[in-house]
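Asker: From the sequence below, what's the structure:
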Amino acid sequence: MTKEDIFEDYLKVCSMNAPVKTKVKMLSALFSTYPDQWRVVGITKQALIIFKKHKFTRQSKMGLNRSHFVGRTKIYTEMMNHHFKNCDEWWDFYFENDKTILAKASENLKSSFSEVYDMPANPKMFMSGGYS
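Answerer: Residues are numbered from 1 along each chain as shown. The predicted model follows:
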(Lines give C-alpha, C1' and ligand atoms only; values in the text may rest on other atoms or scores of the structure.)
Protein backbone atom coordinates (compact mmCIF):
# COMPACT_ATOMS: atom_id res chain seq x y z
CA MET A 1 0.00 0.00 0.00
CA THR A 2 1.15 3.51 -0.75
CA LYS A 3 0.92 6.38 1.70
CA GLU A 4 -1.92 7.75 -0.44
CA ASP A 5 -3.85 4.48 -0.03
CA ILE A 6 -3.26 4.54 3.72
CA PHE A 7 -4.37 8.20 3.85
CA GLU A 8 -7.66 7.38 2.11
CA ASP A 9 -8.34 4.58 4.58
CA TYR A 10 -7.25 6.78 7.51
CA LEU A 11 -9.88 9.36 6.50
CA LYS A 12 -12.54 6.63 6.44
CA VAL A 13 -11.56 5.41 9.90
CA CYS A 14 -11.67 8.99 11.23
CA SER A 15 -15.19 9.47 9.87
CA MET A 16 -16.52 6.37 11.66
CA ASN A 17 -18.74 6.58 14.74
CA ALA A 18 -16.73 3.89 16.51
CA PRO A 19 -15.09 4.73 19.87
CA VAL A 20 -11.60 6.28 19.72
CA LYS A 21 -10.08 3.14 21.27
CA THR A 22 -11.47 1.05 18.40
CA LYS A 23 -10.24 3.53 15.80
CA VAL A 24 -6.75 3.47 17.34
CA LYS A 25 -6.68 -0.33 16.95
CA MET A 26 -7.82 0.00 13.35
CA LEU A 27 -5.15 2.61 12.61
CA SER A 28 -2.50 0.39 14.20
CA ALA A 29 -3.50 -2.42 11.85
CA LEU A 30 -3.65 -0.03 8.90
CA PHE A 31 -0.20 1.44 9.49
CA SER A 32 1.25 -2.04 9.97
CA THR A 33 0.73 -2.55 6.22
CA TYR A 34 3.47 -0.01 5.50
CA PRO A 35 6.83 -1.80 5.16
CA ASP A 36 8.93 0.82 7.02
CA GLN A 37 6.66 1.32 10.01
CA TRP A 38 8.00 1.69 13.53
CA ARG A 39 11.48 2.38 12.20
CA VAL A 40 14.31 1.96 14.65
CA VAL A 41 16.49 5.05 15.13
CA GLY A 42 18.31 4.06 18.32
CA ILE A 43 19.14 1.35 20.80
CA THR A 44 19.46 1.44 24.59
CA LYS A 45 22.59 0.38 26.39
CA GLN A 46 20.74 -2.53 28.03
CA ALA A 47 19.41 -3.74 24.65
CA LEU A 48 22.92 -3.57 23.20
CA ILE A 49 24.24 -5.72 26.06
CA ILE A 50 21.57 -8.33 25.30
CA PHE A 51 22.39 -8.25 21.55
CA LYS A 52 26.09 -8.70 22.33
CA LYS A 53 25.27 -11.68 24.57
CA HIS A 54 23.49 -13.27 21.58
CA LYS A 55 26.35 -12.48 19.17
CA PHE A 56 24.28 -9.74 17.51
CA THR A 57 21.75 -12.15 16.04
CA ARG A 58 18.04 -12.11 16.72
CA GLN A 59 16.76 -15.00 18.80
CA SER A 60 13.30 -15.57 20.17
CA LYS A 61 12.56 -14.47 23.73
CA MET A 62 15.46 -12.04 23.92
CA GLY A 63 13.33 -9.65 25.94
CA LEU A 64 13.70 -6.76 23.50
CA ASN A 65 11.10 -4.68 21.76
CA ARG A 66 10.53 -1.49 19.85
CA SER A 67 9.73 1.41 22.11
CA HIS A 68 7.99 4.42 20.62
CA PHE A 69 9.20 7.85 21.65
CA VAL A 70 5.55 8.89 21.47
CA GLY A 71 2.96 6.18 22.18
CA ARG A 72 0.88 5.01 19.25
CA THR A 73 -2.38 5.77 21.04
CA LYS A 74 -1.27 9.36 21.59
CA ILE A 75 -0.05 9.74 17.98
CA TYR A 76 -3.22 8.30 16.45
CA THR A 77 -5.55 10.24 18.75
CA GLU A 78 -3.74 13.45 17.91
CA MET A 79 -3.95 12.61 14.21
CA MET A 80 -7.70 12.06 14.46
CA ASN A 81 -8.16 15.44 16.18
CA HIS A 82 -6.10 17.42 13.67
CA HIS A 83 -7.20 18.62 10.26
CA PHE A 84 -4.33 18.00 7.85
CA LYS A 85 -4.19 20.09 4.67
CA ASN A 86 -3.17 17.15 2.51
CA CYS A 87 -1.67 13.67 2.44
CA ASP A 88 1.92 14.92 2.58
CA GLU A 89 1.38 17.03 5.69
CA TRP A 90 -0.40 14.08 7.35
CA TRP A 91 2.34 11.66 6.34
CA ASP A 92 5.11 13.95 7.58
CA PHE A 93 3.39 14.11 10.99
CA TYR A 94 3.01 10.34 11.13
CA PHE A 95 6.54 9.59 9.93
CA GLU A 96 8.16 12.04 12.39
CA ASN A 97 6.24 10.53 15.31
CA ASP A 98 6.67 6.88 14.35
CA LYS A 99 10.29 6.59 15.51
CA THR A 100 11.27 3.78 17.87
CA ILE A 101 14.29 2.57 19.78
CA LEU A 102 15.21 -1.00 20.59
CA ALA A 103 14.95 -1.43 24.32
CA LYS A 104 14.82 -4.11 26.95
CA ALA A 105 11.17 -5.04 27.58
CA SER A 106 11.39 -3.92 31.20
CA GLU A 107 12.71 -0.51 30.10
CA ASN A 108 9.76 -0.14 27.75
CA LEU A 109 7.22 -1.07 30.44
CA LYS A 110 8.62 1.54 32.81
CA SER A 111 9.27 4.11 30.06
CA SER A 112 12.68 4.45 31.69
CA PHE A 113 15.52 3.89 29.28
CA SER A 114 19.21 3.38 29.87
CA GLU A 115 21.52 5.46 27.72
CA VAL A 116 20.23 5.59 24.13
CA TYR A 117 22.64 5.38 21.21
CA ASP A 118 21.47 6.89 17.92
CA MET A 119 21.64 4.78 14.82
CA PRO A 120 20.68 5.57 11.23
CA ALA A 121 17.21 4.39 10.27
CA ASN A 122 17.60 1.49 7.86
CA PRO A 123 14.42 -0.15 6.53
CA LYS A 124 16.25 -3.43 5.93
CA MET A 125 17.40 -3.70 9.57
CA PHE A 126 14.94 -4.69 12.28
CA MET A 127 12.09 -5.12 9.85
CA SER A 128 8.73 -5.31 11.53
CA GLY A 129 6.41 -8.22 10.91
CA GLY A 130 3.36 -6.27 12.04
CA TYR A 131 2.05 -5.89 15.52
CA SER A 132 0.23 -8.07 17.99
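Asker: if I pick Ala47, what's in contact with it?
Answerer: Residues touching Ala47, when contacts are defined by Cβ atoms under 8 Å, 6 or more residues apart in numbering, comprise 64, 101-104, 107. For glycine as for every other residue, the C-beta is placed from the backbone atoms N, C-alpha and C.
Asker: should've said Asn108
Answerer: Shown in contact with Asn108 (Cβ under 8 Å, 6+ apart): 65, 67.
Asker: residue closest to the middle of the chain?
Answerer: Trp38 (3.0 Å; Cα atoms, centre = their mean).
Asker: so it, which of the three states?
Answerer: Under DSSP: H, G, I helix; E, B strand; the rest coil, the three-state class of Trp38 is coil.
Asker: One more: Leu102?
Answerer: Look at Leu102: counting by three-state DSSP, its state is strand.
Asker: Residues in contact with stretch 77-97: which ones?
Answerer: Surrounding stretch 77-97, the residues in contact under the criterion Cβ under 8 Å, 6+ apart are 3-4, 7, 10, 14, 20, 23-24, 27, 31, 69-70, 75.
Asker: Report the buried residues of the lowest-mean-pLDDT helix or strand in the chain.
Answerer: Ranked by mean pLDDT, DSSP states H and E, the helix or strand of the chain with the weakest confidence is helix 105-110, at a mean of 80. Taking 16 or more other Cβ atoms under 10 Å as the neighbour-count basis, helix 105-110 is seen to contain the buried residues 107-108.
Asker: follow-up on the earlier one: as TSV, the contacts of Ala47 with distance to Lys53 would be great.
Answerer: As requested, the contacts of Ala47 are exported to TSV (distance: Cβ to Cβ, whole Å):
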residue	distance to Lys53
Leu64	11
Ile101	18
Leu102	14
Ala103	15
Lys104	12
Glu107	16
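Asker: Out of the residues you listed, which comes closest to Gly42?
Answerer: The shortest approach to Gly42 among those belongs to Ile101, at 4.0 Å (Cβ to Cβ).
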